[in-house]
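A.B. asks: no sequence for this one, just the structure:
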């Protein structure tokens, strides 16, 4: 079993829909990152969080440390949100990052 | 502000050839790292550096060398390329090892035939 699991692996949505991507982890962490990778390949950091909730525009990230779970929400989704979303955790014992395999999101007009 | 610059964007090598993937950042970040991304797998750490003159191995270091002579540059060397090294490579930097956002280069797609 991978130490960082994301669900779903693939997600399609109509423009305007509310999107939720989930990340569960099995290790102790010091921080969790959400990253976005566009079809061109570049990776952009969306959020880094260790507790609670963060919001940036239409994106919201939450984390529940006790349940070892984080969610990334996209409100009013748009075709430009189509990308692969990657969850990564900094483990508390090594501080190294462990990456999930990503969730591929396609938003259709 | 250029951020993290990786070159080349694409490269094809024959088995046994050597090459260097370049990575430079202009944000004065101490922490730099190299990852490889393979289909169906999460990014995996190859080598990392916590400052000029200091490097260490990650999860998959075999077949790769690094050096960090300046804060800005962190090149990755493939000494004798193998088909198993066909992958997409990303360089990343951050202000702190833990607790600060990651900044990634645009990646290098390497094919070894």
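C.D. replies: Looks like it came in fine. As the structure is a prediction and not an experimental result, all values here were calculated from the model.

A.B. asks: Against chain A, how distant is the most centrally placed residue in chain B?
C.D. replies: With distances taken as Cα atoms, centre = their mean, chain B has residue B:34 as the residue nearest its mean C-alpha position (2.9 Å). Here residue B:34 is placed at a distance of 12 Å from chain A (Cβ to the nearest Cβ, to the nearest Å). Heads up, the C-betas are built off the backbone N, CA and C, glycines and all.

A.B. asks: What strand or helix carries that residue?
C.D. replies: Here residue B:34 is covered by strand B:31-37, with elements defined by DSSP states H and E.

A.B. asks: Please work out which residues outside that strand touch it.
C.D. replies: Among residues not part of strand B:31-37, those counted as contacts by Cβ atoms under 8 Å, 6 or more residues apart in numbering or on different chains are A:99, B:21, B:23, B:25, B:43-51, B:58, B:60, B:64, B:66, B:68, B:74, B:76, B:87-97, B:107.

A.B. asks: Partner strands of that strand and their direction?
C.D. replies: For strand B:31-37, the paired strands and their directions (DSSP bridges) read strand B:44-51 (antiparallel), strand B:87-94 (antiparallel).

A.B. asks: what's the most buried one of the ones you listed?
C.D. replies: When you average the neighbours per residue for each of the strands paired with strand B:31-37 (mean count of other Cβ atoms under 10 Å in any protein chain shown), strand B:87-94 leads with a mean of 23.

A.B. asks: right, and residue B:66 touches residue B:56 too?
C.D. replies: No - when contacts are counted by Cβ atoms under 8 Å, residue B:66 is not listed as touching residue B:56 (9.2 Å).

A.B. asks: which neighbours do these two share?
C.D. replies: The overlap between the contact sets of residue B:66 and residue B:56 (Cβ under 8 Å, 6+ apart) consists of B:47, B:49.

A.B. asks: Those two: which has the busier surroundings?
C.D. replies: Set side by side, residue B:66 and residue B:56 show unequal neighbour counts under other Cβ atoms under 10 Å in any protein chain shown, the larger going to residue B:66 at 23 against 13.

A.B. asks: for that one, what are its contacts?
C.D. replies: In this structure, residue B:66 makes contact with B:34, B:46, B:47, B:49, B:55, B:74, B:75, B:76, B:77, judged by Cβ under 8 Å, 6+ apart.

A.B. asks: cool, and residue B:64?
C.D. replies: Neighbouring residues of residue B:64 by Cβ under 8 Å, 6+ apart: B:34, B:46, B:47, B:76, B:77, B:78, B:79.
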